[in-house]
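Give me the fold of what follows.
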Amino acid sequence: MALLPLLAWATRHWFIIGLVTSVPGFLVFGLWNYLPESPRWLLSVGRVDEAAAIITKVAITNGRSEKVPKEKLDAMLKAVVLKQEQNLGKNVGAWTLFSKSGLAKNTIMLTISW
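Coordinates of the predicted model:
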């Protein structure tokens, strides 16, 4: 966004500006098969083994694989899924952001800053 005025000055035509700002977004679709699913999303749909595999791969890449053994990771992920299932019947909506004072304060501050 900071470079957009410079880009507008350099191209001087709305169609070229549109192309130059849109093409990088389309290039992301070429990487779609190489990007892993979000472990949080995988847990939310009950795919615990796939989430564990991705978390393990990230830990190996970051050189932290020795910090959490596989058994401990599996236990932690199963605990998250269990907690998720317990909260399944609860009514969650936009007003949940104001359910606790700290959460409400953060929501209001982020709203103002945006």
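
for the protein, longest helix please?
helix 70-86 (DSSP state H).

which parts of that helix are buried?
73, 77, 80-81 (16 or more other Cβ atoms under 10 Å). For the C-beta atoms, the positions are set from N, CA and C on the backbone; glycine is no exception.

how far out from the middle of the chain is the next helix or strand after that helix?
On the C-terminal side of helix 70-86, the closest following helix or strand by DSSP states H and E is helix 101-113. Between the centre of helix 101-113 and the centre of its chain there are 20 Å (Cα atoms, centre = their mean, to the nearest Å).

can you list contacts of helix 101-113?
Defining contact as Cβ atoms under 8 Å, 6 or more residues apart in numbering, one finds that helix 101-113 is touched by 97-98.

Okay, buried residues for that helix please.
Result for helix 101-113 [16+ other Cβ under 10 Å]: no buried residues.

if we can go back for a sec, in TSV, list the buried residues of helix 70-86 along with pLDDT and distance to residue 9.
Shown next, in TSV, are these (pLDDT from 0 to 100; distance: Cβ to Cβ, whole Å):
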residue	pLDDT	distance to residue 9
73	87	51
77	89	51
80	88	50
81	86	53
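
Residue 42: neighbouring residues, count only.
20 (other Cβ atoms under 10 Å).

what sits against the spatially closest residue to it that is not a sequence neighbour?
Leaving aside its sequence neighbours, residue 42 sits nearest to residue 51 (Cβ to Cβ, 6 or more residues apart in numbering; 3.9 Å). In this structure, residue 51 makes contact with 39-40, 42-43, 77, judged by Cβ under 8 Å, 6+ apart.

Fine by me, thanks again.
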